[in-house]
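Visitor: After the sequence you'll find the predicted model.
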Amino acid sequence: MKIGLIHPFYTYDPQKKNRPFPFGVAYIANFLIQKGHKAEILDLNTTYLKKGEIVNLLKSWDCDIFGISSLSGGFAYTKSLASLLKENFDLPIIVGGPLGTHNPEVVLKHTAVDICVVGQGECTTYEILENFGRLDKVRGIAYKGKRGEITRNPQTGLMPLDNMPWPAYQIMQMQDYIWDGASPDMDSKRLYKKGLRVMQMITGRGCPMGCNFCSKVMDRKTLVRPVDDIIKEIKFLMKEYGINGISFRDELYILNRKHAVELSGKLKDLNIIWMGQGRVDRVDSDLIKYMKECGCVSLGFGIESGSQRMLNLMNKGQTVKQIENAMKICRKLDMDMKVQLVLGYPGEDKETVRETVQFFKMVGHPGRRFHLITPLPGSVLYNDLVKKGTIKDEAGYLTELSKRESGFSKGLPLINLTQFSDEELYKIKLETETLMERNYRAYLWSHPFEIYRYLRERLIYKRYLFHPEWLIARLLEKAGLFSNSKKDSQDKKASRIKHLDYRLNCKI
C-alpha cells in the first residue's frame, strides 16, 4: 500500500527559518518503506499550500490511505484537513501524535478521521496497513465502525529503538530543516562557528518525570537509541548535508547518565557543537564540564519557578537549591543555559511570583519570558480539569487551543487557574519579565567579569561588532534620538495577524 503522511500547519514563518523537523511522519515513513510499503511526506509547515494545491499534489501521489501526525493544538486544522481529504479522495484517514493519543474519541466524533493511533506510531501504522478491514486485530488504535460507533482496542507495548530505521531523509526536502548560521537553542552561540549548519535529532523517547502540566505520548516510559547508531546517523548527516551542529530534541537528553556520557565522548570525535535538554537534579560539575569538552554549547533546563511551593504543586521533583547549584555550575563553566519558566499554575499568587523574582536576582540571571500555563491534553492538570468539569466541552477547548501559536498562550491565558483576572495575570507576566531583566542589569554592574561575558555575547555573538550600524542605532534609541519601535511594532502586529488569519480560517 501507499500512504501519504501529512504534518499539519501550526506555526507561520514565511522565511522558513528554524523549521521543526517532523519526527513523527519521518520515522513512520521510513519504517513502512523498510517493510515494503510506499510513503510520501507533505509538511505543511514548510509549504503553506492552499486547498487546491494540496489536492493536486496528493492526487499525483495516488495513495491508498492518508496519515496525519498532529499536536493537540492542531485540532481545528486537522479537522479541516480531514474534511478536505474525504471530499476529494474518500480514502481512510489516520491521525496520530499527541492529538490522536490523548483525544481519540473527540477526534473520531467531531472530524472525518477514521482511525486514531494511540501511542507509538511506527509499528501500529504498519499493522493498520497490513490488517485494513480487520482493525479489531490491531492494538493501540481507536476507530469508527460501519455505523459510526467508536471502538478502542487495547494498548500496544513499546517498540525498542535498537533497530528503528532513521527518518526518511531520502524523500524529504532537507534544506527546509537545516538551521543555517542560527539556532534558537544556541542563542548566544549562534555565531560560535562560522557557517553553522544545525540539524535536529533525537537520541531517545519519553521522560520519566511526573510534572503535572506536561503532556506525554508515552506516559512516563522511556526508550534510548544505541549510541553507535546515533553517531552513524550524525556522520551520514555531516557527509550528505554538511551538518556541523546538532540540536537534540529529546524531552530529556540526560535520561541515562551512562548513555549521555558515552554519547558525549563519541560526539567529541566528530568535532561538532551540540545542545540538549537537561534537568537540574541530574547534572553536576563533572558531567557539565565533560559535556562542554565534548562540544556541548547549551543546555536547556525546565526551571519553571523560583518558588519551592510552586515546584511542589507542579510535582516538578526538584528543589530551588538544585536549580541554584546547576545555574552556578553553568555560569562557572561558561555553559549557555536556556531556562524554561511558567506562570499561572494553580496556587500562583503574588508571593510565589515575588519568590521567583528574588531567586533570579540572587543567582544573577535575567530569566526568560514566561509561558502562561496552558492545560494540555495528556497532562495531569488537563485530566483533573476534565474530571472537575472545569473543561466541559473538550472539542470546544481543543478548537480554542488551536487558535494559539503552537498551542501556547502568548497573550491572555486560554484558561485562568489563578486568583487574578486574565488582564492582571498577563500584566504580572510582563512586569515580572521586565523586573527580572532590570535586576540582572543591576547585578552586572557589581560583577565586572559578568559584564565582560554580557558584552561578549551581545557585541560579538549578536553581530554588533560586525554591523556597527546596529550598535549605533541602539545607542541613539537609548538616547531618545531615534526610534524604530513604531515600525517594529507594526511589523510584528502584521505578522501576528497574518499568522492568526492563517490558523483561524484554516486556509489549507
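Guide: Sure, I can see it.

Visitor: Can you check the pLDDT for M218?
Guide: pLDDT for M218: 88.

Visitor: scratch that, K507 is what I was asking about
Guide: 42.

Visitor: how about the strands in the stretch 1-150 of the chain?
Guide: 2-7, 38-43, 65-69, 93-96, 115-117, 141-144, 150-152 (DSSP state E, counting those that start in this stretch).

Visitor: and the ones you listed as CSV, adding distance to L299, mean pLDDT and mean neighbour count?
Guide: Placement of C-beta: from N, CA and C, glycine included. Converted to CSV, the strands of the stretch 1-150 of the chain look like this (distance: least, Cβ to Cβ, whole Å; pLDDT from 0 to 100; neighbours: other Cβ atoms under 10 Å):
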stretch, distance to L299, mean pLDDT, mean neighbour count
strand 2-7, 28, 97, 24
strand 38-43, 28, 97, 20
strand 65-69, 28, 98, 26
strand 93-96, 30, 98, 27
strand 115-117, 32, 98, 27
strand 141-144, 37, 96, 22
strand 150-152, 39, 96, 13
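
Visitor: With distance to S379 added, can I get the ones you listed in TSV?
Guide: Converted to TSV, the strands of the stretch 1-150 of the chain look like this (distance: least, Cβ to Cβ, whole Å):
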stretch	distance to S379
strand 2-7	23
strand 38-43	26
strand 65-69	19
strand 93-96	19
strand 115-117	18
strand 141-144	20
strand 150-152	20
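
Visitor: A82 reaches V113, doesn't it?
Guide: Yes. A82 lies in contact with V113 (Cβ atoms under 8 Å); the separation is 5.0 Å.

Visitor: Can you check which residues contact both of the two?
Guide: Residues touching both A82 and V113 (Cβ atoms under 8 Å, 6 or more residues apart in numbering): 68, 93, 95.

Visitor: so what's the last one up against?
Guide: Applying Cβ under 8 Å, 6+ apart, one finds that V95 lies in contact with 67-70, 78, 82, 107, 111, 113, 115-117.

Visitor: Which residues does stretch 142-152 contact?
Guide: Applying Cβ under 8 Å, 6+ apart, the contact partners of stretch 142-152 are 104-105, 108-109, 114-116, 118, 135-136, 141, 153.

Visitor: Could you rank these by neighbour count and give me the top one?
Guide: Greatest neighbour count in those, by other Cβ atoms under 10 Å, goes to C116: 28 neighbours.

Visitor: How much space separates that residue from K292?
Guide: The gap separating C116 from K292 is 43 Å, by Cβ to Cβ, to the nearest Å.

Visitor: Adding distance to I231, write the contacts of V95 out as a markdown table.
Guide: Listed next are these as a markdown table, based on distance: Cβ to Cβ, whole Å:
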| residue | distance to I231 |
| --- | --- |
| G67 | 30 |
| I68 | 32 |
| S69 | 27 |
| S70 | 32 |
| T78 | 36 |
| A82 | 39 |
| V107 | 38 |
| T111 | 41 |
| V113 | 39 |
| I115 | 36 |
| C116 | 35 |
| V117 | 30 |
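
Visitor: from the contacts of stretch 142-152, which single one is nearest C296?
Guide: Ranked by distance to C296 (Cβ to Cβ), the contacts of stretch 142-152 are led by V118 at 34.9 Å.

Visitor: where's the closest one relative to E105, distance?
Guide: Distance from V118 to E105, by Cβ to Cβ: 11 Å.

Visitor: tell me the domain ranges of this structure?
Guide: For the chain, automatic domain parsing gives the domain ranges 2-152, 178-374+409-461, 468-504.

Visitor: ok, which stretches of the stretch 51-200 of the chain are helices?
Guide: Here the stretch 51-200 of the chain has its helices, by DSSP state H, counting those that start in this stretch, at 51-61, 75-89, 97-102, 104-110, 122-130.

Visitor: Give me whichever of these is most buried.
Guide: helix 97-102 (a mean of 26; mean count of other Cβ atoms under 10 Å).

Visitor: Can you list the helices and strands that that helix packs against?
Guide: Contacts defined by 3 or more Cβ pairs under 8 Å, 6 or more residues apart in numbering; DSSP states H and E place helix 97-102 against strand 65-69, strand 115-117.

Visitor: Of those strands, which is nearest E40?
Guide: Ranking the helices and strands packed on helix 97-102 by proximity to E40 (Cβ to Cβ) places strand 65-69 first, at 10.0 Å.

Visitor: Which among the strands of the stretch 1-150 of the chain is found nearest to Y177?
Guide: Nearest to Y177 among these is strand 38-43 (8.7 Å), distances taken as Cβ to Cβ.

Visitor: And the residue nearest to M337 when sequence neighbours are not counted, which helix or strand is it part of?
Guide: With sequence-adjacent residues excluded and distances taken as Cβ to Cβ, 6 or more residues apart in numbering, M337 is closest to C330, at 4.9 Å. Taking DSSP states H and E as the criterion, C330 maps to helix 320-332.
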